[in-house]
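Trainee: Mind folding the following:
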Amino acid sequence: IGYGYDQLEPTLPKVVTMGERMPIERLSERARRVLTGLGFMEVMTYTLTNAGTNFELMRARGEAVEIANPVSEEYTIIRNSLLPCLLSVLRENRRNPLPQRVFEVGDVAVLDEGVETGARNVRRAAAAVIGEEAGFTYIKAVAEALLQELGIVHEVRSMEHPSFLEGRAAEFVSDGKSLGIVGEVHPEVILGFELEHPVAMFEFDLGNE
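Mentor: Residues are numbered from 1 along each chain as shown. A predicted model of the protein is given here:
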């Protein structure tokens, strides 16, 4: 400090390699640009949540990474889906004009006995729309536009999921593996999050961190 920062001359480090952004980060940034261009607003939510929000309100069952010593009952597990987080955002903004379109590109923790820690981080992209246009056709078109822009070859298969209306849900499949889900949210889930209007959502994997 005494010498003066302005007196220092920048030099490149004498190493063989140079740093660059990881492929998953470049893909995530691309997804953000596409969804922003489609009229969605990015949100950033907490990675910590609780079983009530993550499972019960979604009419779903499952297991998640648990916090050994949680400081609050609201944050006892690490999320394994972005969808409850987006619904929580819509709940906080339920007094604002409709339609509302939000998205998030972030990490979730998935249990995996094949790794040393017993869990691995997965980068996902998810989006939600609430209002009159919140239908299966619209949200599916948004999801497929994003997948196409990302260069992800996929197919769509009908499926049933407790969080979505019967006959209004489908999964994305790539290379024989399930990539994600899209559909219209079940009325019980909508009411559970204190919402009053139709909601349509999608979520799919971008890759491991």
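Trainee: Sketch out the low-pLDDT regions of this structure for me.
Mentor: In the prediction, the chain carries residues with pLDDT under 70 at positions 209.
Trainee: how about 80 then?
Mentor: In the predicted model of the chain, residues 13, 16-19, 208-209 satisfy pLDDT under 80.
Trainee: Helices of that one, residue ranges please.
Mentor: Listed in chain order, the helices of the chain (DSSP state H) span residues 23-37, 51, 83-92, 136-150, 187-192.
Trainee: Can you say which of the ones you listed is nearest to residue 122?
Mentor: Minimum separation from residue 122 across the helices of the chain (C-beta to C-beta) falls at helix 23-37, 9.9 Å. Quick note: C-beta positions are derived from backbone N, CA and C, even for glycine.
Trainee: Packing partners of that closest one?
Mentor: The contact analysis (3 or more C-beta pairs under 8 Å, 6 or more residues apart in numbering; DSSP states H and E) places helix 23-37 against strand 41-42, strand 100-111, strand 119-130, helix 136-150, strand 199-208.
Trainee: Quick one: those as TSV, columns for mean neighbour count and distance to residue 185 too.
Mentor: Compiled in TSV, these are given as follows (neighbours: other C-beta atoms under 10 Å; distance: least, C-beta to C-beta, whole Å):
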stretch	mean neighbour count	distance to residue 185
strand 41-42	12	19
strand 100-111	20	13
strand 119-130	22	8
helix 136-150	18	10
strand 199-208	22	4
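Trainee: Pipe the ones you listed into JSON lines and attach distance to residue 86 per row.
Mentor: Below are the helices and strands packed on helix 23-37 laid out as JSON lines (distance: least, C-beta to C-beta, whole Å):
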{"stretch": "strand 41-42", "distance to residue 86": "11"}
{"stretch": "strand 100-111", "distance to residue 86": "6"}
{"stretch": "strand 119-130", "distance to residue 86": "4"}
{"stretch": "helix 136-150", "distance to residue 86": "12"}
{"stretch": "strand 199-208", "distance to residue 86": "7"}
